[in-house]
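>>> How does the following fold in three dimensions:
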Amino acid sequence: MQKICFFFLIFFLFSFAVKADSITSIEVKNGVLSPTFDPNNNLYSIDLAKGEEFLDFSYELRDENASVTRSDEEDKTVLTIQNTDKTQEEYVFYINKEETTPVFAPVTTSEKQPEIPFLIGYVSIGCLLIIALLFKILILGFKKRK
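Okay, here's the model as predicted:
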C-alpha cells in the first residue's frame, strides 16, 4: 500500500515539476532510477538495492563550471545546481529502500503437540456415513410405509 501511495505521489509531483536541463546524464550505481533519465525532468525515484543505505550515483553537468550542493535526507537526496549564468536548479531523488520485515515472527516451541491416534480413520468413517445418509435422503428418498 505504501508503494502505491508513493508512486501516486511521484506521479502527482511530475505534473507540477519545474523542468530543468543542467544535468546531461545520470548513472545510479546502487539502485534503479525511475523514470529513465530525461534532461528536462528534475524529479526521480530510486529503488535502492537490498542492503544499501545511501545513494551512490554520478552525473554530468551541462555547465562544467557550475557548483553543486548535495543534501541527503532519509528518504530523498536533493542536488542544487548553481550555474555560471546565475540560474539555480534542483533535482530531487526520492529514495525507496527495499526493506523486508516479516509480518509474523516464526514461533518455535520445544513441546511436541499430542497426536490423536486413528484420527484419519475416524474422520473418514464419519464422512462416509454422512455421504451415505445424504445419498439415501436425496437420491433414493424415503419409502412410505403403508
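
>>> Looking at this structure, which strand is longest?
In the chain, with assignment by DSSP state E, the single longest strand is strand 88-97.

>>> Within its sheet, name the partner strands of that one and how each one runs.
Strand pairing for strand 88-97, determined by DSSP bridges: strand 43-48 (parallel), strand 76-82 (antiparallel).

>>> Could you say which of those is packed most deeply?
strand 43-48 (a mean of 20; mean count of other CB atoms under 10 Å). The C-beta positions use only the backbone N, C-alpha and C, and glycine is treated the same way.

>>> How many neighbouring residues does Thr69 have?
Other residues near Thr69 come to 11 when the count uses other CB atoms under 10 Å.

>>> Quick check: which of the strands paired with strand 88-97 is nearest to Thr36?
Closest approach to Thr36 among these is made by strand 43-48 (9.3 Å; CB to CB).

>>> Please name the residues that touch Ala66.
Contacts of Ala66 were listed using CB atoms under 8 Å, 6 or more residues apart in numbering, and they are Ser22, Ile81, Gln82, Asn83, Thr84.

>>> Mind putting those into CSV with distance to Lys136 and pLDDT?
Rendered in CSV, the data for the contacts of Ala66 read as follows (distance: CB to CB, whole Å; pLDDT from 0 to 100):
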residue, distance to Lys136, pLDDT
Ser22, 85, 82
Ile81, 85, 91
Gln82, 90, 91
Asn83, 90, 89
Thr84, 95, 89
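
>>> Considering the residues you listed, which is situated nearest to Phe93?
Distance to Phe93, by CB to CB, is smallest for Ile81 among the contacts of Ala66, at 13.2 Å.

>>> now the strands for the chain?
Using DSSP E, strands in the chain cover 23-28, 31-34, 43-48, 57-61, 67-72, 76-82, 88-97.

>>> Quick one: end-to-end length of stretch 72-80, please.
Taking CA to CA, to the nearest Å, the first and last residues of stretch 72-80 lie 11 Å apart.

>>> what's in contact with it?
Applying CB under 8 Å, 6+ apart, the contact partners of stretch 72-80 are 23, 54-55, 59, 68-71, 88-95.
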